[in-house]
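>>> next come a sequence and a model predicted from it.
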Amino acid sequence: MNRHICILGALREEINLIRRQMTVDKQFKIGQADGWTGNWKGTHIFLVRTGVGKVRALNGLKGVLRQANPSLILSIGYAGGLASKLNVGDVVLADNVLEVNSDLNDIGCYSIDSKELELLERLTCSEKIVTHRGKLITVDSVVDDSAIKQELASRYNALAIDMETAALVALAAEKKITFLSVRSISDTYEQSLVDVSSFIDDGEVSKLKAGWYVITHPHAIKNFMSLRRQSQRATRNMTEFIGIFLQTYQNFA
């Protein structure tokens with residue numbers, strides 16, 4: 001395959017606007033992950049929905065690297081805010097990725113320092129898209145308690161939290177491939193969420209289990225609807241931002 005950009009997201013909802021807008025040449029499976037190759041914003045991309053968590057993300061990227069030699073790996077998706085200045089839909093550009101275990105202890109740190117990251121910072125976007133550069137934390141499970149978010153923020157001075165990036169940046173560094181992480185805030189640091197860990201089975205979100213939860217916990221419907229609206233806003237802003245980056249990257253690369 002020709003050299004191109006690999007874009008990885010855990011959930012369908014995170015990549016669905018890119019998938020709809022791109023011209024698909026080929027669709028395929030990479031183990032448990034779904035993949036598409038094609039053109040988006042004038043760029044040849046390898047789009048992958050990996051599933052949730054570090055193991056699924058890492059397996060998806062390894063599958064890509066067995067087939068292709070991308071010039072850039074771009075990890076995208078939702079993130080929980082860990083700073084009061086971050087609002088839903090804000091975009092976080094990671095310059096450091098910290099891996100934290102279930103006891104909230106630091107077990108690894110990866111620096112992202114590249115000319116491509118500088119390019120991300122210089123992009124001109126619409127006023128609705130607010131960007132922040134800083135530290136991103138990767139954890140093993142969903143953090144649904146605002147108190148834990150605030151503890152992580154205080155302990156590590158980080159902007160946001162996700163579940164995949166640390167594994168991806170580590171492999172990219174090993175393979176000496178340029179890596180970027182672009183995350184959009186789906187929930188703020190003071191916001192507690194419904195415990196969705198019971199909906200995730202081997203890296204996949206079960207709509208059946210989520211539906212049953214709503215039926216048996218009707219008080220949670222408002223929370224679900226609010227999170228859905230927030231996630232949709234995060235997807236729109238993130239997709240627009242990445243699209244602008246790709247158009248600029250073609251002249252920059």
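Nice, I can see it.

>>> all helices for the stretch 51-200 of the chain, in order.
Taking DSSP state H, counting those that start in this stretch as the test, the helices found in the stretch 51-200 of the chain are 54-67, 115-122, 146-156, 165-175.

>>> just the buried residues of the first one, please?
For helix 54-67, a neighbour-count test (16 or more other C-beta atoms under 10 Å) marks Lys54, Val55, Arg56, Ala57, Leu58, Asn59, Gly60, Leu61, Gly63, Val64, Leu65 as buried. For glycine as for every other residue, the C-beta is placed from the backbone atoms N, C-alpha and C.

>>> now it, how far from the centre of its chain.
Mean-position distance between helix 54-67 and its chain equals 15 Å (C-alpha atoms, centre = their mean, to the nearest Å).

>>> show me what that helix is in contact with.
1, 6, 8, 10, 30-33, 35, 46, 48-51, 70, 73, 75, 138, 140, 163-168, 171-172, 175, 202-203 (C-beta atoms under 8 Å, 6 or more residues apart in numbering).

>>> where does pLDDT dip in the stretch 1-150 of the chain?
Across the stretch 1-150 of the chain, the ranges flagged by pLDDT under 70 are 1-3.

>>> want to throw the helices of the stretch 51-200 of the chain into JSON lines with distance to Gly134?
Output for the helices of the stretch 51-200 of the chain, formatted as JSON lines (distance: least, C-beta to C-beta, whole Å):
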{"stretch": "helix 54-67", "distance to Gly134": "21"}
{"stretch": "helix 115-122", "distance to Gly134": "11"}
{"stretch": "helix 146-156", "distance to Gly134": "11"}
{"stretch": "helix 165-175", "distance to Gly134": "13"}
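
>>> quick check: which of those is nearest to Gln247?
Nearest to Gln247 among the helices of the stretch 51-200 of the chain is helix 115-122; the distance by C-beta to C-beta comes to 11.4 Å.
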